[in-house]
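Engineer: fold the following, please.
(one chain, ligands or ions: 1)
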Amino acid sequence: MRLLLRSTLLVALVAATATVSAQQPRPVTALVGGTLIDGHGGAPLTNSVILMEGERITAIGQVGTLAVPRSATVVSTEGMFVLPGLWDMHVHLMLAGHGNYAHWDAKYPPLLEHMIIPAVARQNLMAGVTSVRDLGGPLDPLIHTRDRINRGELPGPTVYTSGPFIQHAPYAGTEAFRWGVNGPDDARAKVRRLAEAKVDVIKLIDQDEMTMDEVRAVVDEAHKYKLPVVAHAHRPEEIRRGLAAGVDDFEHTGLATASEYPADIIEGLRARAAQGNKPPLFWTPTIDVLTNFDVRRDDLEFLDDPIWHLGLADSVVKDIRSSLDRLDTLTYYRFVPNRKPTLGNKFRQLRESGVRLLIGTDAGVPANFHGAAAISEMITWVRSYGMDPMETIRAATFWPAVAMNVEKDNGTVSVGKFADIIAVRGNPLRDIGVLRNVDVVVKHGKRVK
Ligand SMILES: [Zn+2]
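Structural biologist: Numbers count the residues shown, from 1 in each chain. A predicted model of the protein is given here:
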């Protein structure tokens, strides 16, 4: 009896819901008038019309040929260029730019989940960065924040996270977000724990301190769970081992003082790129943080820009600000004077080797604020290293989605994909710097700016 009643009720409920959705189609939003750079690399589409229903793009056309439903909410993009939401493929949401890691790691763990991570996530979103890949931080706060954003409880970009770094041994005081491995079985077990906790990617560092069996175990186990492996490339032996084990993506430009990558490494990258049956080998150089360190050190006004205060308590802002009074003394940047003259060489070598470069920033490290960092990286690629602006935009939109295996849903402005869209006054193909001031940000069909 009770069962029967329940199922009758359920049928009635389902019927009621069906009627409601038949009578009330989901609200349509239309972005109308701007020039669309859709992320595929083709010619921009002038006078564009983009229709969105729920979280997704339902139609793309031009004013005069694609009708805007009368019921639609219209957002004018007249005078603007419209692009896919940007990605930052290397952020640390556990960090907010503070100059002293030992102090930060001792004091801020209790505030990470409920203040720091949501705050810096939102800073990214408001800058037009609608997806971030977090590469190294404490597991639970990152997973919880990612899921709260996905459920719509917090404003933020779509977060892909690795949780803790996998490495030979954690540095003292960093055990909460660095997991050491001891033998191949332990390496597999650690990766399994992360996979079962639902991370999106595995971050491998210091692999030149591991045994080759351990490195292979990490990569093989991650691939069993279809998780990409992202590895540091600070030292030549890290790159050699990563290549041999089959990592999917390298990070940083590395090699503190060498003027270029050794020939055998470039050969290895070329050979990997020539394997047509595999997706590209990705590389996130995070080069602006080094290239423009001296500009930041000598021109401190950006430290007083309230843009990086969003969501942070005054006391935290004050603490971060006072830690950055003397940028020239920060240990994080101690190699920069030696490294800077070599960066152009290495960037060129990487481009020529056939690896696929991605926009990523190390946002959160000292004086490198979230959101602004991704735009600075793009500007530096174009202005300092001669990268084509369209290629740069694709390195921040289309290719990141491919690298994270979500290109069916993300990475371009295309019918059927999530509506992650930004609009900006000025043509970023002529002046990439216009991206510093994004006027409109739409995440999953909802306008957030
Ligand atoms: Zn990093």
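
Engineer: which residues touch the residue nearest to Tyr108 when sequence neighbours are not counted?
Structural biologist: Take Tyr108 and drop its neighbours on the chain: the residue closest to it by CB to CB, 6 or more residues apart in numbering is Ile116, 6.2 Å away. Backbone N, C-alpha and C define where each C-beta goes, glycine included. Ile116 makes contact with 93-94, 96, 108, 312, 316 under the criterion CB atoms under 8 Å, 6 or more residues apart in numbering.

Engineer: redo that, cut-off 10 Å
Structural biologist: Ile116 sits next to 93-96, 98, 104, 108-110, 137, 141, 145, 311-313, 316, 364 when contact means CB atoms under 10 Å, 6 or more residues apart in numbering.

Engineer: which SSE is immediately downstream of the helix or strand of the chain with the lowest mean pLDDT?
Structural biologist: Taking mean pLDDT, DSSP states H and E as the measure, the chain has helix 2-23 as its least confident helix or strand, at a mean of 45. Sequence order places strand 28-32 as the next helix or strand after helix 2-23, per DSSP states H and E.

Engineer: and the contacts of the helix or strand just after that next one?
Structural biologist: As assigned by DSSP H and E, the chain's next helix or strand after strand 28-32 is strand 35-36. Contacts to strand 35-36, defined as CB under 10 Å, 6+ apart, come from residues 44-50, 60-62, 77, 79-84, 413, 421, 423, 427, 429.

Engineer: please redo it, this time with the cut-off set to 8 Å
Structural biologist: With contact meaning CB under 8 Å, 6+ apart, strand 35-36 is reached by 44-48, 50, 60, 80-83, 413, 427.

Engineer: columns distance to Phe165, pLDDT and secondary structure on top of these, output as TSV?
Structural biologist: Shown next, in TSV, are the contacts of strand 35-36 (distance: CB to CB, whole Å; pLDDT from 0 to 100; DSSP: H, G, I helix; E, B strand; the rest coil):
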residue	distance to Phe165	pLDDT	secondary structure
Pro44	40	98	coil
Leu45	42	98	strand
Thr46	46	98	coil
Asn47	48	98	coil
Ser48	42	98	strand
Ile50	39	98	strand
Ile60	40	98	strand
Met80	40	98	strand
Phe81	37	98	strand
Val82	37	98	strand
Leu83	32	98	strand
Val413	34	98	coil
Asn427	40	98	coil
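
Engineer: and those, which two are furthest apart?
Structural biologist: Ile60 and Asn427 (19.3 Å; CB to CB).

Engineer: and for Phe293, nearest residue in space, chain neighbours not counted?
Structural biologist: Using CB to CB, 6+ apart and skipping the chain neighbours, the partner closest in space to Phe293 is Val336 (4.7 Å).

Engineer: spit out the contact partners of that neighbour.
Structural biologist: Counted by CB under 8 Å, 6+ apart, Val336 has contacts 290, 293-294.

Engineer: cutoff 10 Å now
Structural biologist: Residues counted as contacts of Val336 (CB under 10 Å, 6+ apart) are 256, 289-294, 297, 328, 330, 343.

Engineer: what's the answer for Asn150, then?
Structural biologist: If you count contacts by CB under 10 Å, 6+ apart, Asn150 has them with 156, 158-159, 444.

Engineer: of the contacts of Ile116, buried ones?
Structural biologist: Among the contacts of Ile116, those classed as buried by 16 or more other CB atoms under 10 Å are 93-96, 98, 104, 108, 137, 141, 145, 311-312, 316, 364.

Engineer: from the residues you listed, which land in helices?
Structural biologist: Among those, the ones falling in helices (DSSP state H) are 104, 141, 145, 316.
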